[in-house]
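Visitor: Just the structure for this:
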Amino acid sequence: MTLFTTALWTATVYAVHLLVAARAILRPHREPASRLAWIIVILVLPVAGIIAYILLGETNVGRRRVARIKSVLKQMPDALSVFDSQSSVLTVTLDERFAHLFRVGETVNGFPPLGGNRGELMADSDAAIDRIVADIDAARENVHLLFYIWLPDNNGMKVVEAVKRAAARGVQCRVMADGLGSRTMTGSSHWQAMKDAGAHCAVALPLGNLLLRPLRGRIDLRNHRKIIVIDNCITYCGSQNCADPEFRVKAKFAPWVDALIRFKGPIVWQNQQLFVSDWMAHVDEDLEELLRTSVPAQKEGFAAQVIGTGPTIRYSAMPEVFENLMYTAREELFITTPYFVPDDSMLSAICASARRGVDTTIIFPARNDSLFVAAASRSYYADMLAAGVKVREYEGGLLHTKSLTIDGEMTLIGSANMDRRSFELNYENNILFHDTELTAAVRERQETYLQQSRTVDPEAVANWPVYQRFFNNAVAMLGPVL
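Guide: Predicted coordinates:
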C-alpha cells in the first residue's frame, strides 16, 4: 500500500467519524450528556463505535411504521365524541392538589381523566393469571391481549387454552405479543393453535431478518406493554407478564414479584384505545368502531387516566409524569422499580422530595437480572442517601413491580421502569388514579416488599471498594448510550 493510499484511507476514516459524530450532535431531543457519550464512543472505537451508533444510537422505529402509527392515531375518536359531555365521567371533580398531574398526563395521549372507575389489586401473579383466565372464560364479545413476555409455561398455557376456548365459542379474540420478548411463544405450535381455534394473532415489532432489520429501525425498540381488555368492560394494568413467577428462562433470579390491578369503568375505554392503536399499527383491520361505545361508570368510582408512552411519543413524557408526582408529594413518596437509570432531573426530584421533609422510600431488587442496570442504579445510592432517601433492596426475588404512591392518595402503576429504555425506547402503558382505598391496598403491598428488604446503609456504601465504585460509575456514564 502506497503512502498516498494510506493517507487517503486514513482521511476517509476520519471523515466518516466526523460525519457520524456530527449526526450525533445534530440529532434532536438528546441531552448533552447523551451526545457527549456517543461522540466519545464514535471517536474512541474506530469501527465498532460507528456500527454501534448506526444500530443503537437513534430512536428509530422506521419511517413507514411511524407514518402508519400517526395515521392510525388520527382516526381514534376522543372522549368528548364518545361520552356524554355533561356526564359525571367527563365532569369529574378533581382535588386541586392533584389536578395538575392529570393535566400533564393528558398531554401525552390526549386522554382526559375519567371518573366512575373501580379497581381491585390482585393477590399475586398466579392469582392474577387465574382471574384473567376466568374473565376470558366469561367473555361474550371480544378478548384483547397484549404482552411483552408470553412464555409457554404453566401460566402462559392457561391463557393460551382460555383464548382457544373463547375463540371456539365465537368470541372475537385478538392477541398480540412482542417479537423479541415473546419469541418462544410466537414461534411455537401454541401460537398456531390459537390461530387454528379462530383467534387473530399478531406480533408486535417483529424481528424479521436480523441482517436487514437495522434498515427498518432499531431492533431493541420493543413493545413493553401489558394490556388486557375483555368485553370493553374489564381491563388490567400493572407489571405482570404472561408467565409463571418462577420465570424459568431466568430462574436464578426468581420469583418475579409483580402487581396487577383489575379495573372496571370508563378507564377501560382508554386502555382499549391503546390496544386498538397498537393493533391497527400492525394489522390491516379497522377497529375504530369498537371505540364508539362508551363504558358505564361504576358507582362511587374514582378518577383515573391511561398514560401510554413510546418512541413515537415525545421522549420527555414519562419522566415528566414521574417527576411531577415526586414534586407533588407532601408527606410520603414510595417507589418500587426493578430498573433505575434516571436522568439528572429525575434524580434531583427524588432527592428534593426527601430534603423538603417528605418520607421518601425507594426499593430495588437485591439481585437484578441485569448486571449493568444494577451497577448503574447503585451509582446513585450515595446521592440519594445523602439527601435522606431511604434506599432498600428486596431479597424475596426479583421485585418487578413498577409502582409509585404519594401521600396515601395517588398511585401510578404500569409497565414503565425508571430508566432510559422506558423513557425513550419502549412502548409502555400505565394508569394514574386518585383513590385512597385502592392506593391503601397498593401501599400495603409496598409495605410487604419493605418487610422483605434490607436497608442500604450510607456507611456501607461509602466503604464500597474502589473497583466496585469505579464499575458502577463507569456503567452509569454509559447510561445515555445503553
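Visitor: buried set for stretch 123-140?
Guide: Neighbour-count burial for stretch 123-140, counted by 16 or more other CB atoms under 10 Å, picks out D124, S125, A128, I129, R131, I132, V133, D135, I136, A139. The way it works is simple: take the backbone N, C-alpha and C, and place the C-beta from them, glycine included.
Visitor: Most widely separated two among the residues you listed?
Guide: Farthest-apart pair in the buried residues of stretch 123-140 is D124 and A139; separation 23.1 Å (CB to CB).
Visitor: Any idea which residue is closest to the centre of the chain?
Guide: For the chain, A416 is the residue whose C-alpha lies nearest the centre (CA atoms, centre = their mean; 2.7 Å).
Visitor: Give me the distance between that one and A352.
Guide: Distance, A416 to A352, by CB to CB, to the nearest Å: 21 Å.
Visitor: H434 too?
Guide: Distance of H434 to A352, given as CB to CB: 22 Å.
Visitor: So for these two, which residue has more residues nearby?
Guide: Neighbours were counted for H434 and for A352 using other CB atoms under 10 Å; H434 has more, 24 against 15.
Visitor: ok, the more buried one - contacts?
Guide: L94, D95, F98, F302, A303, A304, E409, M410 (CB atoms under 8 Å, 6 or more residues apart in numbering).
Visitor: and these, which of them are in strands?
Guide: Among those, the ones falling in strands (DSSP state E) are F302, A303, A304, M410.
Visitor: Neighbour-wise, which one of the residues you listed leads?
Guide: Highest neighbour count within these: A304, with 32 neighbours (other CB under 10 Å).
Visitor: can you pull the contacts of the residue nearest to that one when sequence neighbours are not counted?
Guide: Nearest residue to A304 in three dimensions, chain neighbours excluded: F433, at 3.9 Å (CB to CB, 6 or more residues apart in numbering). F433 is in contact with N117, G119, I267, F302, A303, A304, Q305, M410, T411, T439, counting by CB under 8 Å, 6+ apart.
Visitor: Repeat the analysis, applying 10 Å as the threshold.
Guide: 102, 113-114, 117, 119, 237, 261, 263, 267, 301-305, 409-413, 439, 442 (CB atoms under 10 Å, 6 or more residues apart in numbering).
Visitor: Next: V89.
Guide: By CB under 10 Å, 6+ apart, V89 lies in contact with 79, 82-83, 112-117, 265-267, 269, 294-297, 301, 303.
Visitor: Let's see that with 6 Å instead.
Guide: V89 makes contact with F83, L114, G115, G116, P266, A297 under the criterion CB atoms under 6 Å, 6 or more residues apart in numbering.
Visitor: wait, doesn't the fifth one sit right on V295?
Guide: Same thing as P266. Yes. Contact criterion CB atoms under 6 Å: P266 and V295 qualify, at 4.8 Å.
Visitor: So which of the two has more stuff around it?
Guide: Per other CB under 10 Å, whichever of P266 and V295 has more neighbours is P266, with 28 against 24.
Visitor: Quickly list what the residue lying closest to that one once chain neighbours are set aside is bridged to.
Guide: The shortest distance from P266 to any non-neighbouring residue, by CB to CB, 6+ apart, is to L114 (4.0 Å). When bridges are called by DSSP bridges, L114 pairs up with A304.
Visitor: Quick check, pLDDT for L114.
Guide: Per-residue pLDDT puts L114 at 97.
Visitor: Repeat that for R97.
Guide: 95.
Visitor: Can you report how many residues lie near it?
Guide: When neighbours are counted by other CB under 10 Å, R97 registers 14.
Visitor: Check the spacing between it and H434 real quick.
Guide: R97 is 9 Å from H434, by CB to CB.
Visitor: what does L398 give?
Guide: Counting by CB to CB - L398 and H434 are separated by 30 Å.
Visitor: now swap in V82 and tell me
Guide: Taken as CB to CB, the span from V82 to H434 is 22 Å.
Visitor: doesn't L412 fall inside a strand?
Guide: Yes. Counting by DSSP: H, G, I helix; E, B strand; the rest coil, L412 is part of a strand.
Visitor: what sits against it?
Guide: L412 sits next to L404, N430, L432 when contact means CB under 6 Å, 6+ apart.
Visitor: Also K195?
Guide: Going by CB under 6 Å, 6+ apart, K195 touches C201.
Visitor: can you confirm N271 is in a helix?
Guide: Yes. N271 sits within a helix when classified using three-state DSSP.
Visitor: Use 847 as the first number from now on
Guide: Fine by me, first position is 847 from now on; the one you just mentioned is N1117.
Visitor: what helix or strand does L1250 sit in?
Guide: Using DSSP states H and E, L1250 sits in strand 1249-1252.
Visitor: what packs against that strand?
Guide: The contact analysis (3 or more CB pairs under 6 Å, 6 or more residues apart in numbering; DSSP states H and E) places strand 1249-1252 against helix 1163-1174, strand 1178-1182, strand 1256-1260, helix 1282-1297.
Visitor: who does that strand pair up with?
Guide: With DSSP bridges as the test, strand 1249-1252 is paired with strand 1178-1182 (antiparallel), strand 1256-1260 (antiparallel).
Visitor: okay if I get these as JSON lines plus distance to L919?
Guide: Below are the strands paired with strand 1249-1252 laid out as JSON lines (distance: least, CB to CB, whole Å):
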{"stretch": "strand 1178-1182", "distance to L919": "30"}
{"stretch": "strand 1256-1260", "distance to L919": "20"}
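Visitor: What distance do you get for D1265 to V1204?
Guide: Taking CB to CB as the measure, D1265 falls 23 Å from V1204.
Visitor: my bad, A973
Guide: 33 Å.
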